[in-house]
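Engineer: below: sequence and its predicted model.
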Amino acid sequence: MLPLSPTATPYRKRRLSLFLSRSKRSLMNFSVRHKINSVGPDPNFTDEASSQRFPYKKHLFINETRKINFKDPVSEVINTCEEDELKEKKEMMEELVQVLKRQEKRLEQELQDLEKQLNQDLKIQLTKNLDDIEMPELKELEKKTLERLYGLEWHMKQKKQLQKESKVEKLVEMMEDPELVKEIEYLENLKSWRFHM
């Protein structure tokens, strides 16, 4: 026990005695927990015994280096600003992608509509009559073909008439030949005789 000061009051005495008793109790508890034997040298010196005799620094809490991380408010503000900018850029990119997708869909729909309209126009043009289409070259070609057809028809009629006339002339010539007339009569009689048999 430490000697008390001459000017110690009863209150100070009580405080000092409490401090001493508590410190003694804490030291005894510490030695019991860590198996510390600080009286005299150790007769059986080993590494394990030395570790029990002289406790580690971490158990005594002496000169403990504490790592304190101080937060810099300026860096926090900068980091938050950068995060906000990145979020805004990401949102803008997503919106741009959505807009591009909508434009692509709209263009595809317009192309499909144009293709349908073109197909309908082509069908209408194909189904129209040639008279409804005003094309002077086509009309001239039609006139020429009709004239040629009329000319061919006239030539065919003339040819048939000439053939008939030639046949009649041949028959007349044949009738004028008496031998040929006899042969024709003989053939006709033969046909009739065969028919009646």
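Structural biologist: Sure thing, it's come through.
Engineer: residue ranges with poor pLDDT in the chain?
Structural biologist: For the chain, applying pLDDT under 70 flags the ranges 1-11, 30-78, 125-135, 174-175, 193-197.
Engineer: so which residues of it form helices?
Structural biologist: Here the chain has its helices, by DSSP state H, at 10-34, 47-53, 57-60, 73-127, 136-176, 178-196.
Engineer: in TSV, list these along with mean neighbour count.
Structural biologist: For every residue, glycine as well, the C-beta is placed using N, CA and C. Shown next, in TSV, are the helices of the chain (neighbours: other CB atoms under 10 Å):
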stretch	mean neighbour count
helix 10-34	11
helix 47-53	12
helix 57-60	10
helix 73-127	10
helix 136-176	10
helix 178-196	10
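Engineer: mind giving me the domain ranges of the protein?
Structural biologist: Taking automatic domain parsing as the criterion, the chain consists of the domains 13-60, 72-127, 128-196.
Engineer: contacts only, for residue 79.
Structural biologist: Applying CB atoms under 8 Å, 6 or more residues apart in numbering to residue 79 gives no contacts.
Engineer: would you quantify the distance from it to residue 85?
Structural biologist: Taking CB to CB, to the nearest Å as the measure, residue 79 falls 11 Å from residue 85.
Engineer: for residue 177, what are phi and psi?
Structural biologist: phi -80, psi 120 (degrees, to the nearest 10).
Engineer: counting neighbours, what do you get for it?
Structural biologist: For residue 177, the neighbour count with other CB atoms under 10 Å is 11.
Engineer: next one: it from residue 168, what distance?
Structural biologist: 16 Å.
Engineer: same deal with residue 186?
Structural biologist: Looking at residue 186 against residue 168, where the rule is CB to CB, the gap reads 23 Å.
Engineer: what does residue 178 give?
Structural biologist: According to CB to CB, residue 178 and residue 168 sit 20 Å apart.
Engineer: can you show me the CA trace of stretch 167-175 as PDB?
Structural biologist: Extracted C-alpha coordinates of stretch 167-175, given in PDB (Å, rounded to 0.1, in the frame of the first residue of the first chain):
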ATOM      1  CA  LYS A 167     -60.900 -26.500-159.500                       C
ATOM      2  CA  VAL A 168     -63.900 -25.600-161.600                       C
ATOM      3  CA  GLU A 169     -61.700 -25.100-164.600                       C
ATOM      4  CA  LYS A 170     -60.000 -28.500-164.100                       C
ATOM      5  CA  LEU A 171     -63.400 -30.200-163.800                       C
ATOM      6  CA  VAL A 172     -64.500 -28.500-167.100                       C
ATOM      7  CA  GLU A 173     -61.400 -29.700-168.800                       C
ATOM      8  CA  MET A 174     -61.800 -33.200-167.400                       C
ATOM      9  CA  MET A 175     -65.400 -33.300-168.700                       C
END
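Engineer: begin at 389 from here
Structural biologist: Happy to do that; since the first residue is 389 now, the last one works out to stretch 555-563.
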